[in-house]
Each structure stands twice: as structure tokens, then as C-alpha cells.
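Enquirer: let's see this in three dimensions:
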Amino acid sequence: MAEEAAAAAAAGEEGGAAGKKGVMLVGIDDSEHSYYALEWTLQHFFVPGQPQPYRLVVVTAKPPASSVIGIAGASTAELLPTVEVDLKRTSARVIDKAKQLCSQTQVIDVSYVVYEGDARNVLCDAVERHHAEMLVVGSHGYGALKRGCAWERERLLQPPRALQRHDSEEAEAQEN
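Expert: A predicted model of the protein is given here:
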């Protein structure tokens, strides 16, 4: 399936009217699940020696320091600069790891972006901003029930977005 998509994208690249590559966006955080998703994407779509079927955009979300601290007392203002520095350090570490993985695969047409905000909103906005044809994210291994509850909560709390989530029935069947 992945090979077919890569072949179709390569064919579209060669014969496209504008000659532009599509954009594949990979959303990562500081988890092994995210790094695995990036590695899988690089192995299946960006094979060394082959033409790149997509322009790769690696995105990570840096939450605002105030959302990490939450509601606290008078000392909150003193903590904000320290938390902000730590969040920037974490984002830099995530991007450095992504750069390392991409350089090992010899990906040329790649950009790395850190956006501030909640990861769900950041990814939706990044897909729209970069006109991505494909979004890749890792799975934290949540079961069908927890995913369903999270999806329902998001649906109720979030305004409609251009990007829709599709949970496959196959994944649920495998877990049962």
C-alpha cells in the first residue's frame, strides 16, 4: 500500500502539470512512537537513491508554558521562564533527533518546524498551512475504548476542522 502511494506520487511528480511535489507532514513529539512513525515513513516513502515523492515537513508542537504550569499560586510568574526554557530545550531535542533520522536516510527536501500550541490544533493548522496531502503521526497504543472516548471529547469540545480523523475498523477488530 505504501509502495503504491509512493509510486503514484512519483508518477504524479513526473507527469504533473505544475511539476510540484506533494507535501507529507509528520507530526512528532518526544516519544518513541513518534520516532518510529518518522522512521517508518522514511523507510517506505524516502528510499535512498530513489526520487523523493514528497516534500517532507516535520512538525512538533511546543505547548505554552502557562498550559504546562496550570493554575498555581503567586510563584507561577517565577516558574514561567524556567518552564519556557525547558520546553524550548525539549523541542530542540525532538527536531535534532528528526534531523538525525532524516540525514541517515539522505532525505534532501525536508523542513523542520516548531509551532506553539496544543498538538491537535498545531497539526490541523500545519496541514492547512503547508497544504499537506498526507499526515503521519505515531500511535501511543491507546485501546479502542480510550481512543473512542478521546475522539468523542474532542468532537464535543473542538470546532469543526478541515482535517478529519478516521479510525479503521480493522484496528479495532485486531484489539478485540
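Enquirer: ok, and for the top helix by length along the chain, which residues are buried?
Expert: Taking DSSP state H as the criterion, the chain has its longest helix at helix 76-104. Neighbour-count burial for helix 76-104 flags 83-84, 87, 90-91, 94-95, 97-98, 101-102 (criterion: 16 or more other CB atoms under 10 Å). Glycine gets a C-beta too; all of them are placed from N, C-alpha and C.
Enquirer: these two touch, right, Met134 and Gly27?
Expert: No. The pair Met134 / Gly27 is not scored as a contact, 11.3 Å apart, by CB atoms under 8 Å.
Enquirer: which of the two has more neighbours?
Expert: A count of neighbours by other CB atoms under 10 Å puts Gly27 above the other of Met134 and Gly27, at 23 against 16.
Enquirer: mean confidence score for the strand or helix carrying the more buried one?
Expert: Gly27 is part of strand 22-28 when elements are defined by DSSP states H and E. Averaging pLDDT along strand 22-28 yields 94.
Enquirer: got the buried residues for stretch 41-61?
Expert: 41-42, 45-46, 52-61.
Enquirer: now, which of the residues you listed lie within strands?
Expert: 54-61 (DSSP state E).
Enquirer: now do the helix or strand hosting Ser111 and strand 54-62, the angle between them.
Expert: Element membership of Ser111 [criterion: DSSP H and E] is strand 110-116. Per axes from the mean of the first three to the mean of the last three CA atoms, to 10 degrees, the angle that strand 110-116 makes with strand 54-62 is 20 degrees.
Enquirer: any idea how far Cys124 is from the nearest residue to Asp125 once chain neighbours are set aside?
Expert: Among residues not flanking Asp125 along the chain, Tyr115 sits closest, at 7.1 Å (CB to CB, 6 or more residues apart in numbering). Look at Tyr115 and Cys124: by CB to CB, to the nearest Å, they are 11 Å apart.
Enquirer: tilt between the strand or helix carrying Glu39 and strand 22-28?
Expert: According to DSSP H and E, Glu39 maps onto helix 32-45. Helix 32-45 and strand 22-28 are oriented at 160 degrees to each other (the same axes, to 10 degrees).
Enquirer: helix 32-45 - what's its average pLDDT?
Expert: 92.
Enquirer: that helix - contacts with which helices or strands?
Expert: In terms of contacts (3 or more CB pairs under 8 Å, 6 or more residues apart in numbering; DSSP states H and E), helix 32-45 is packed against helix 2-15, strand 22-28, strand 54-62, helix 76-104, strand 134-137.
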